[in-house]
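What follows is a predicted protein model with its sequence.
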Amino acid sequence: MPHAPLEILRSVFGFKSFRGRQAEIIDHLIGGGDALVLMPTGGGKSLCYQIPALCRPGVAVVVSPLIALMQDQVEALTQVGVRAAALNSSIPPEAAARTERRLRDGELDLVYVAPERLLTDAFLAHLERCRLALFAIDEAHCVSQWGHDFRPEYLQLAQVHDRFPAVPRIALTATADGPTRRDILERLELTGGRLFVGSFDRPNIRYHIQPKQHARPQLLAFLDREHGGAAGSDAGIVYCMTRKAVDDTAAWLRTQGYSALPYHAGMEKEERSRNQDRFLKEDGLIMVATIAFGMGIDKPDVRFVAHLDLPKSIETYYQETGRAGRDGLPSNAWMAYGLPDVVKLLRFIEESEAPERQKQVERQKLEALLGLCETLRCRRQVLLEYFGEEPDGRPCGNCDTCLEPVESFDGTVAAQKALSCVYRTGERFGAAYVIDALLGADTARIRDFDHQRLSTFGIGKEFSREEWRSVFRQLVALGLLVVDMEGHGGLRLGPDCRAALRGERPIQLRRAPARKPSAPTKKAARRATLEHADDEALFQALRARRLELAKEQGVPPYVIFHDSTLLAMAQHKPTDRAALAQLHGIGKAKLERYGEAFLAVITAHGA
Ligand code: ADP
Ligand code: ZN
């Protein structure tokens, strides 16, 4: 195909310019080079192989482990006029045979295949009769046992290279710490390829992390403040730790007037896929889920991801929150967490069958996440540093600690009191008990242990229970206190606590937030909201039209146009095709297919 990458970006996809390292990667691949691409979710990995697929002669073979995602990608490509098809176990034999014919006759630009399909002798033999543009290996971390989604079939993908040594390959993933990265390079025999690491920053996501007091009212306040409340809620995901919590939370959200659906591995497969389908195809649904949900969810207009429980690591947190705002519009990542979450997660680690070395790694990962939760600094900086980036030193201005800087105070004495009370009660109680002792509470348990006679009994009355909880979380985050899993989750002193215990090490702590729910952030990161009511009305009319068109075809609305494109229409109000074609996300095929329909809405609105 004779077109240059930039021209294809504009005429086919309707985007103005490349993002990050896309242009470099695309050129490298067109030139026949191999590559490993690490970019966050929503970073724009797909174009890195889709455009070379269109520039190089022959068909691009895309390996993907996720059937749902394949279908979505094929649909989106078809909508922009690119010839794409998928081959996997869910495709009926006749359709598969048709795809194989088109493949042989050179009528496809891209074919998405499941790895087990690709590796069959019959299919490899079939490929030998085709002209191949490139191999793309999506979700490449599946090749690594370190990763969380190891797929044994992925290990055999190196074979494909042995068989087609001249065809360039690109492996892509959003999750690759050092060991996983090395695994990918070695196991896919990509060591001769170039490594492209994009920034992991997701600037349109605003991070909020707050201590869990009463999780449900906290969540409601957040949804109300930032996401239109029950009446016009945005689409979002609420993560919970257990299946039961998922079911309960979804049911409760419905009683509050929200459209909420559950999703977890304990549900019937059918119901699960029905819920997932509704989430993709309807507007404004909330999916309440365990971590089982989200892999392969490519919905671009998820406006918030809320965690009602603590995930197990920063990687998991970042991957889950990364499902918000793929379309680049403002989105929120919100979380409520408490020390009981930490204890629960530590218990899971302890009870797992994993070898001690891995448990140690898991504990450290949890500690790092706790550090993020309790930081006084810009959250984005902490996140990016964790992923090995060096942010430019300026706070981001788009996270809670930037927007409402936390007050800190000299916590040296508070720490000393807390630590010595842990020590005097025998290093075997949880935070709740020790706090009771600090506050001088007259409880049966305290009397049972005769702890009202301790010198530290009642020495902490200057703080509320809430404030003490905050102090304890921070002492755990600092490693001065350790949750002792052998001692049933009680707290014991950390190895470096001596100076702090004697009050010789100055300790700066963050002040617990006031009891009232925090005030609305100055400028709420609300979705697609337009300043003028009139534009907002037009935007809603455009969305309604989009939903009709999507329903007619049985596809998710976003494969027709993203919200960002509809927003641009509502703001610029183009009245002819030429003006419409100027907007973000409108290439030739979509102009042809949908131009008139949306122009009609705009004209009717102006009339
Ligand atoms: P990833 O696979 O890395 O998670 P995608 O390839 O799905 O991300 O891209 C995320 C979103 O960004 C998509 O909606 C895509 O259309 C959009 N996008 C990608 N590259 C560009 C670009 N150069 N300009 C505008 N939008 C882009
Ligand atoms: Zn910040």
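That came through, no problem. Residues are numbered from 1 along each chain as shown. Ligands and ions are numbered 1, 2, ... in the order given.

How is the chain partitioned into domains?
The record assigns the chain these domain ranges, following automatic domain parsing: 5-197, 205-403, 407-511, 529-604.

do the second one and ligand 1 meet at all?
If I follow you right, that is domain 205-403. Yes. Domain 205-403 is in contact with ligand 1 by CB under 6 Å from any ligand atom, via 298, 300, 326-327. For the C-beta atoms, the positions are set from N, CA and C on the backbone; glycine is no exception.

Which helix runs longest in the chain?
Criterion DSSP state H: the longest helix present in the chain is helix 533-553.

ok, back up a step: please identify which of the domains of the chain is closest to ligand 2.
domain 205-403 (3.2 Å; CB to the ion).

So E467 is in contact with A512, correct?
Yes. Judged on CB atoms under 8 Å, E467 makes contact with A512 at a distance of 4.5 Å.

between those two, which one's more packed in?
A512 (22 against 18; other CB atoms under 10 Å).

quick one, what contacts the more buried one?
By CB atoms under 8 Å, 6 or more residues apart in numbering, the residues touching A512 are 211, 464, 466-467, 469-470.

do that again at 10 Å, thanks
211, 213, 406-407, 409, 463-471, 473-474 (CB atoms under 10 Å, 6 or more residues apart in numbering).

and what of A122?
Shown in contact with A122 (CB under 10 Å, 6+ apart): E100.

8 Å - rerun?
Taking CB under 8 Å, 6+ apart as the definition, A122 has no contacts.

pLDDT below threshold where in the chain?
The chain contains residues with pLDDT under 70 at 1-2, 146-148, 176, 292, 294-296, 487, 513-529, 607.

Enumerate the residues of it near ligand 2.
Listed as neighbours of ligand 2 in the chain under the rule CB under 5 Å from the ion: 378, 380, 395-396, 399, 402.

let's go with 6 Å and repeat that
Selection of the chain residues close to ligand 2 by CB under 6 Å from the ion yields 378-380, 395-396, 398-399, 401-402.

out of those, which are inside helices?
Those of these lying in helices (DSSP H): 379-380, 401-402.

which of the residues you listed sit farthest apart?
Using CB to CB, the pair of those lying farthest apart is R380 and T401, separated by 9.2 Å.

any residues in contact with both of these two?
Common neighbours of R380 and T401 (CB under 8 Å, 6+ apart) are P395.

Surely F196 is within a helix?
No. Counting by DSSP: H, G, I helix; E, B strand; the rest coil, F196 is located in no helix; its state is strand.

For it, which residues are in contact?
With CB under 8 Å, 6+ apart, F196 has these contacts: 21, 24-25, 28, 35-39.

quick one: it and A35, what's the gap?
From F196 over to A35 the distance is 6 Å, taken as CB to CB, to the nearest Å.

if we can go back for a sec, make a markdown table from the contacts of F196 and add distance to A136 and secondary structure to it.
Formatted as a markdown table, the contacts of F196 follow (distance: CB to CB, whole Å; DSSP: H, G, I helix; E, B strand; the rest coil):
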| residue | distance to A136 | secondary structure |
| --- | --- | --- |
| R21 | 16 | coil |
| E24 | 16 | helix |
| I25 | 11 | helix |
| H28 | 13 | helix |
| A35 | 10 | strand |
| L36 | 11 | strand |
| V37 | 10 | strand |
| L38 | 14 | strand |
| M39 | 13 | coil |
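
Looking at those residues, which is nearest L54?
I25 (14.5 Å).

Surely that closest one and A35 touch.
Yes. I25 is within contact range of A35, at 5.9 Å (criterion: CB under 8 Å).

how about the helices of the stretch 501-607 of the chain, start to end?
533-553, 563-572, 577-581, 588-606 (DSSP state H, counting those that start in this stretch).

For ligand 1, tell me whether the last one is touching it.
No. Contact check for helix 588-606 against ligand 1, using CB under 6 Å from any ligand atom: none in range, with a minimum separation of 12.1 Å.

quick one, that helix and helix 533-553 angle?
Helix 588-606 runs at 130 degrees relative to helix 533-553, counting by axes from the mean of the first three to the mean of the last three CA atoms, to 10 degrees.

For helix 588-606, name the packing helices and strands.
helix 67-79, helix 533-553, helix 577-581 (3 or more CB pairs under 8 Å, 6 or more residues apart in numbering; DSSP states H and E).

try it again with 6 Å
With contacts taken as 3 or more CB pairs under 6 Å, 6 or more residues apart in numbering; DSSP states H and E, helix 588-606 sits against helix 533-553, helix 577-581.

which residues touch the last one?
Read that as helix 577-581. 574, 591, 595 (CB atoms under 6 Å, 6 or more residues apart in numbering).

cool, the first one as well?
Contact partners of helix 533-553, identified using CB under 6 Å, 6+ apart, comprise 530, 557, 560, 566, 569-570, 601, 605.

a markdown table for the residues you listed, including neighbour count?
Listed next are the contacts of helix 533-553 as a markdown table, based on neighbours: other CB atoms under 10 Å:
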| residue | neighbour count |
| --- | --- |
| L530 | 15 |
| P557 | 23 |
| I560 | 25 |
| L566 | 25 |
| M569 | 24 |
| A570 | 24 |
| V601 | 19 |
| H605 | 16 |
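
For V74, state which of those residues is nearest.
Minimum distance to V74 across the contacts of helix 533-553 is 14.9 Å, recorded for I560 (CB to CB).

Please report how far the closest one lies from D149.
30 Å.

neighbours around L591, how many?
19.

Would you format the helices of the stretch 501-607 of the chain as TSV with distance to P217 included?
Shown next, in TSV, are these (distance: least, CB to CB, whole Å):
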stretch	distance to P217
helix 533-553	28
helix 563-572	29
helix 577-581	45
helix 588-606	39
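
before we move on, back to that, so how do I select the buried members of the contacts of F196 in PyMOL?
Selection of buried members from these for PyMOL, criterion 16 or more other CB atoms under 10 Å:
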select buried, resi 21+25+28+35+36+37+38+39
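
tell me which of the contacts of F196 is nearest to ligand 1?
Top of the list for closeness to ligand 1, among the contacts of F196 and by CB to the nearest ligand atom, is M39 at 5.2 Å.

so Y207 sits in a strand?
Yes. According to three-state DSSP, Y207 belongs to a strand.

wait, doesn't it sit right on Q381?
No. In this structure, Y207 is not within contact of Q381 by CB atoms under 6 Å, at 10.8 Å.

So between those two, which is more surrounded?
Y207 (24 against 21).

Throw the helices and strands packed on helix 588-606 into TSV and include distance to A230, thanks.
Output for the helices and strands packed on helix 588-606, formatted as TSV (distance: least, CB to CB, whole Å):
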stretch	distance to A230
helix 533-553	17
helix 577-581	35
